[in-house]
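# What would the 3D arrangement of this be:
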Amino acid sequence: MQVQYPTVEIDNIGTFKYIQIKITKKSDVNDKKIIIRGTSQFKFHDQNFEQFMTVNNIGINDTYSYEPIGGGKITIDGSNMKIYGMSSVYGACDHNLTKQILLDNLEGADKFNIVVEN
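Residues are numbered from 1 along each chain as shown. This is a model prediction of the structure:
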């Protein structure tokens with residue numbers, strides 16, 4: 001997939017709500033990517049999605065569709081990272097998938113002791 005968005009954008013310390021966003025090319029539903037967004041700046045999961053859509057100036061006529069497919073929380077404390085919880089708006093997401101996406105795309109993620117709680 002040739003989307004220009006970074007796969008992971010999260011805070012590097014503290015506890016914050018995060019979401020998974022599935023991006024799918026409208027002309028080819030098999031061409032898709034899941035990205036992670038999370039920050040302590042927001043109190044609610046849907047604010048992460050709203051910011052992503054606004055900052056990237058995404059409209060309904062875009063070549064891709066964007067769907068929040070779940071949420072949770074991430075706590076980063078020193079060398080420990082915990083991925084857990086769920087969004088009351090979007091439901092729970094696959095935290096093991098989040099862990100793998102972070103390990104594959106977040107610089108230094110392999111240095112964390114990552115714990116997933118479902």
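
# If you drop the residues flanking it in sequence, what lies closest to Asn12?
For Asn12, the nearest residue in space outside its immediate sequence neighbours is Ile76; the separation is 6.5 Å by Cβ to Cβ, 6 or more residues apart in numbering. C-beta coordinates here come from the backbone N, C-alpha and C atoms, glycine included.

# Return the list of helices and strands in contact with the lengthiest strand in the chain.
Longest strand in the chain by number of residues (criterion: DSSP state E): strand 64-77. Where contact means 3 or more Cβ pairs under 8 Å, 6 or more residues apart in numbering; DSSP states H and E, strand 64-77 is packed against strand 14-25, helix 45-55, strand 80-84, helix 95-105.

# May I see the buried residues of the last one?
It stands for helix 95-105. Buried residues in helix 95-105, counting neighbours by 16 or more other Cβ atoms under 10 Å, are found at 95, 97-99, 101-102.

# mind putting those in CSV, pLDDT included?
CSV is the format used below for these (pLDDT from 0 to 100):
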residue, pLDDT
His95, 98
Leu97, 98
Thr98, 98
Lys99, 98
Ile101, 98
Leu102, 98
